[in-house]
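K.L.:
sequence? don't have it. structure:
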C-alpha cells in the first residue's frame with residue numbers, strides 16, 4: 001500500500017484537491033479519494049490547517065493529483081460541475097499537479113511533476129526513501145524568470161491574476177500549449193521552418209518498433225522515413241482533399257509494412273507550424289497513404305485498412321477508455337515520426353546552414369550547430385527543466401530532460417503545497433540534496 005500525505009502550506013482553508021485516474025481493474029484499494037472528485041479537506045475545520053490529509057491505494061493506473069485554489073467564480077463552477085476538471089485555459093483557478101502510476105504487473109512506481117500547460121502552485125515532495133523533488137525558486141520568482149526566458153512582452157496576457165476565495169492574490173503563467181497565448185511563444189518556430197525549407201535540409205527519422213507494444217493490429221518493426229520540406233513531385237491517387245500545393249513537408253518509407261510498399265506521410269501547415277511545434281500536437285493536417293491499419297474514428301474498436309487517412313492529428317490515436325489497444329501499431333508508428341520531428345524542432349536540432357543540411361534523428365553528428373540550437377530551443381521547457389524537477393513540454397523524454405522518480409511501492413509521499421512566495425520552496429529541489 002502507498003500513502004500520500006497532503007500538507008496545506010498555503011494556509012488557505014479553501015484549497016482543493018482533485019483526483020483523476022483510470023478507474024480500471026488495475027486500480028486497486030483506493031482509500032480517501034474518488035476518481036474525478038474535488039475535496040476540500042480543510043474547509044469545515046474538522047482537519048486543522050496544520051494537519052495533513054492522507055489517502056492511499058494498493059495500485060493505481062494513470063493517476064493525476066491536482067491541488068488548486070479558485071476565485072468565487074471558479075468555486076461556483078466546481079460546485080455546479082463537481083465531476084468535471086477545470087480547463088487549462090480557465091482563468092478562474094491557479095494550481096499544479098503530479099502524475100503517478102503504480103501497477104502490480106510492474107512492481108514499480110512512476111512519479112513526475114509537470115508544467116507543460118501552466119505554472120501556478122508549486123509542491124515540494126518528500127519520498128519515504130529520503131529522496132525529494134520540487135522547484136529551485138518560489139513561484140513568483142519562477143514566473144518572472146520564465147517571462148524573461150521566453151521574451152514575453154510586458155503586460156502579457158499569458159500572465160493571469162486572480163483573487164482567491166481567501167482574499168489572497170494569486171498569479172499563474174500560461175504556457176505555449178494554451179491556445180489563447182500560443183502565438184506569444186511560437187513566432188521563432190515559424191521563422192525556423194522558413195529557414196529549414198530555404199536550406200533544403202533533408203530529414204531521416206526512424207519510426208518506433210511496435211513489436212512489444214500494447215497497441216492493436218499488426219506488430220511492426222522500425223522503418224526509415226526520409227523527408228523533405230516543400231511540395232512533392234506527385235501525390236498518390238485517390239485523396240479526396242489533399243493538393244500538392246497544400247503540402248509543406250513529407251516523408252516516405254520504402255518496404256513499409258510489407259515488401260514493395262511505400263508509405264507516405266504528408267503534412268500541411270495545419271499540422272506543422274509554430275503553434276503545433278510548441279504545443280506538441282495538431283487538431284488536423286496530417287495525411288497518410290496507404291493507411292495500413294487504423295482505428296475507425298467513429299468506432300475506435302473497428303480497424304480500417306487501406307486508402308487514405310486524411311486530415312488526422314499529429315498524435316494519431318484512438319480515443320476513449322480503450323485508446324491504447326484501439327490505437328493500432330501502424331498509427332503508433334506514424335505518430336512516432338511526428339513526435340520525433342516535433343521534438344527535434346523544439347530543440348533546434350535540424351540544421352539551417354549548408355554545413356548542416358542532412359539531419360538524422362539518431363545521429364547527433366548531423367545535428368544543427370550550437371548556435372542554431374540555442375536560437376530555436378523551446379525556452380519554456382529549458383527554463384523549467386533547468387530550474388526544477390518538473391518538465392515543460394510534450395515528449396520531454398525525447399529532450400533528455402524529463403525528470404521521473406521511482407519511490408518505493410509500499411512507501412509514502414509527502415506533498416507540501418506551497419505559498420507562491422514560500423522561501424522554503426528550494427529546499428525540496430533534488431539539486432539541493
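P.N.:
Structure's in. What do you need? Predicted model, so just to flag it, every value in this text is computed and none were measured.

K.L.:
which parts of the stretch 101-250 of the chain are strands?
P.N.:
Along the stretch 101-250 of the chain, counting by DSSP state E, counting those that start in this stretch, strands occupy 108-114, 118-119, 123-127, 132-133, 159-163, 169-174, 202-206, 224-229, 247-253.

K.L.:
tell me the most buried of those strands?
P.N.:
strand 118-119 (a mean of 24; mean count of other Cβ atoms under 10 Å). Backbone N, C-alpha and C define where each C-beta goes, glycine included.

K.L.:
give me the residues contacting it.
P.N.:
By Cβ atoms under 8 Å, 6 or more residues apart in numbering, the residues outside strand 118-119 that reach it are 88, 96, 139, 142, 143, 146, 172, 173, 174, 175, 178, 384.

K.L.:
one more time with 7 Å, if that's ok
P.N.:
88, 139, 142, 143, 146, 172, 173, 174, 175, 178 (Cβ atoms under 7 Å, 6 or more residues apart in numbering).

K.L.:
rebuild those residues as a markdown table, extending it with pLDDT and distance to residue 340.
P.N.:
Shown next, in a markdown table, are these (pLDDT from 0 to 100; distance: Cβ to Cβ, whole Å):
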| residue | pLDDT | distance to residue 340 |
| --- | --- | --- |
| 88 | 89 | 25 |
| 139 | 98 | 33 |
| 142 | 98 | 30 |
| 143 | 98 | 31 |
| 146 | 97 | 26 |
| 172 | 98 | 31 |
| 173 | 98 | 28 |
| 174 | 98 | 26 |
| 175 | 96 | 21 |
| 178 | 95 | 24 |
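
K.L.:
any regions of the protein where pLDDT drops low?
P.N.:
With pLDDT under 70 as the threshold, the chain has low-confidence stretches at 397-402, 433.

K.L.:
could you dump the strands of the stretch 101-250 of the chain to JSON lines with distance to residue 1?
P.N.:
Below are the strands of the stretch 101-250 of the chain laid out as JSON lines (distance: least, Cβ to Cβ, whole Å):
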{"stretch": "strand 108-114", "distance to residue 1": "12"}
{"stretch": "strand 118-119", "distance to residue 1": "32"}
{"stretch": "strand 123-127", "distance to residue 1": "15"}
{"stretch": "strand 132-133", "distance to residue 1": "21"}
{"stretch": "strand 159-163", "distance to residue 1": "37"}
{"stretch": "strand 169-174", "distance to residue 1": "34"}
{"stretch": "strand 202-206", "distance to residue 1": "42"}
{"stretch": "strand 224-229", "distance to residue 1": "46"}
{"stretch": "strand 247-253", "distance to residue 1": "47"}
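
K.L.:
of those strands, which is nearest residue 51?
P.N.:
strand 123-127 (16.7 Å; Cβ to Cβ).

K.L.:
now that closest one, how far from the chain's geometric center?
P.N.:
When C-alpha coordinates are averaged (Cα atoms, centre = their mean, to the nearest Å), strand 123-127 and its chain have centres 21 Å apart.

K.L.:
got the angle for that strand vs strand 108-114?
P.N.:
On the basis of axes from the mean of the first three to the mean of the last three Cα atoms, to 10 degrees, strand 123-127 is oriented at 160 degrees to strand 108-114.

K.L.:
got a list of contacts for strand 123-127?
P.N.:
Outside strand 123-127, the residues that reach it (Cβ under 7 Å, 6+ apart) are 67, 96, 98, 113, 132-134, 405, 407, 411, 413-418, 425, 427-428.

K.L.:
now those residues: which count as buried?
P.N.:
67, 96, 98, 113, 132-134, 405, 407, 413-418, 425, 428 (16 or more other Cβ atoms under 10 Å).

K.L.:
so of those, which ones are in strands?
P.N.:
67, 96, 98, 113, 132, 133, 413, 414, 415, 416, 417 (DSSP state E).

K.L.:
doesn't residue 390 make contact with the fourth one?
P.N.:
Yes - in this structure, residue 113 is within contact of residue 390 by Cβ atoms under 7 Å, at 4.2 Å.

K.L.:
I'd say residue 220 and residue 331 touch.
P.N.:
No - taking contacts as Cβ under 7 Å, residue 220 lies outside contact range of residue 331: 10.5 Å.

K.L.:
of those two, which one has the most company?
P.N.:
Set residue 220 next to residue 331 and count neighbours by other Cβ atoms under 10 Å: residue 331 wins out with 27 against 22.

K.L.:
format the ones in strands among the buried ones among the contacts of strand 123-127 as a markdown table; extra columns: distance to residue 210.
P.N.:
Below are these laid out as a markdown table (distance: Cβ to Cβ, whole Å):
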| residue | distance to residue 210 |
| --- | --- |
| 67 | 36 |
| 96 | 34 |
| 98 | 29 |
| 113 | 29 |
| 132 | 36 |
| 133 | 32 |
| 413 | 33 |
| 414 | 39 |
| 415 | 36 |
| 416 | 40 |
| 417 | 39 |
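
K.L.:
farthest pair in those residues?
P.N.:
67 and 132 (17.1 Å).

K.L.:
okay, buried residues for stretch 286-302 please.
P.N.:
Buried residues in stretch 286-302 (16+ other Cβ under 10 Å): 286, 287, 288, 289, 290, 291, 292, 293, 294, 295, 300.

K.L.:
could you do stretch 252-259 as well?
P.N.:
Under 16+ other Cβ under 10 Å, the buried positions of stretch 252-259 are 252, 253, 256, 257.

K.L.:
how long is that stretch from one end to the other?
P.N.:
Stretch 252-259 has an end-to-end distance of 14 Å (Cα to Cα, to the nearest Å).

K.L.:
hmm, who's touching it?
P.N.:
220, 223, 224, 225, 226, 261, 262, 263, 264, 292, 330.

K.L.:
would TSV of those residues with distance to residue 371 be doable?
P.N.:
Rendered in TSV, the data for the contacts of stretch 252-259 read as follows (distance: Cβ to Cβ, whole Å):
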residue	distance to residue 371
220	38
223	33
224	29
225	27
226	26
261	41
262	36
263	35
264	33
292	41
330	38
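
K.L.:
of the residues you listed, just say which sits nearest to residue 247.
P.N.:
residue 264 (9.9 Å).
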